[in-house]
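> My questions concern the predicted model and sequence given below.
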Amino acid sequence: MTKSELIEILSRKRSDILYKDVEQAVKTLLEQMSESLSSGERIEIRGFGSFSLHFRPPRVGRNPKTGDAVTLAGKHVPHFKPGKELRERVNECYSEGGSRLL
Amino acid sequence: MALTKADMAERLFEELGINKREAKELVEIFFEEIRSALERGRQVKLSGFGNFDLRDKNQRPGRNPKTGEEIPITARRVVTFRPGQKLKARVDDFEGEPQ
């Protein structure tokens, strides 16, 4: 499912809300979540999961072309931990139906 | 303070001019549709943000950390998140102590 498919589905489910508002809502939600993580703020959605930042310490890497050693600075990367409901629903469907990945 | 569904509904209300009830419900079904797609075995790709992927794990040996007793960890399907380039670049710039 892509972002535009998600917008289509939500808009069909909530035909009382203007399509452009649903579209803007999805974009705003993702923008707000990105802003939050970019400023070091966690995201906590009960039943879905939480997003936080993990720190990757500085390391010495190599320029793949020349083989020269380069020092790479430490950085933060986004991390997602699925919540209980999401974990259980994804796994139950899988164990019960043996459904394959689409 | 962490970002919550209440904060998200508040922002939709302020920016979109929809009412508070609609804003709250949109936030709710946004996360519900993502869960539902993953439940049906579908990957979710949100460009600019990231992808929610599914991975099938085989059974593997495990241990009860308290008793030391061996119990197998059953085969399962798990959700993983792969941040997109744009989100990674934005987060990379953060310098400070995250929450």
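Nice, I can see it.
> all helices of chain A, in order?
Ranges of helices in chain A, per DSSP state H, are A:3-13, A:19-38, A:84-97.
> try chain B
Secondary structure of chain B, counting by DSSP H: helices at B:5-16, B:20-39, B:85-92.
> can I get those helices in a markdown table with mean pLDDT?
Output for the helices of chain B, formatted as a markdown table (pLDDT from 0 to 100):
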| stretch | mean pLDDT |
| --- | --- |
| helix B:5-16 | 97 |
| helix B:20-39 | 97 |
| helix B:85-92 | 94 |
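> list the contacts for the residue most central in space within chain A?
Residue closest to the average C-alpha location in chain A (C-alpha atoms, centre = their mean): A:Phe80, at 6.8 Å. Neighbour list for A:Phe80: A:49-51, B:52, B:79-81 [criterion: C-beta atoms under 8 Å, 6 or more residues apart in numbering or on different chains]. The way it works is simple: take the backbone N, C-alpha and C, and place the C-beta from them, glycine included.
> Turn the helices of chain B into TSV, columns for mean neighbour count and distance to chain A.
What follows is the helices of chain B, written out as TSV (neighbours: other C-beta atoms under 10 Å in any protein chain shown; distance: least, C-beta to the nearest C-beta, whole Å):
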stretch	mean neighbour count	distance to chain A
helix B:5-16	17	5
helix B:20-39	18	4
helix B:85-92	16	4
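> bridging residues for the residue in chain A positioned nearest to chain B?
Taking C-beta to the nearest C-beta, chain B has its nearest neighbour within chain A at A:Phe80, 3.3 Å off. In this structure, A:Phe80 bridges to A:Phe51 when assessed by DSSP bridges.
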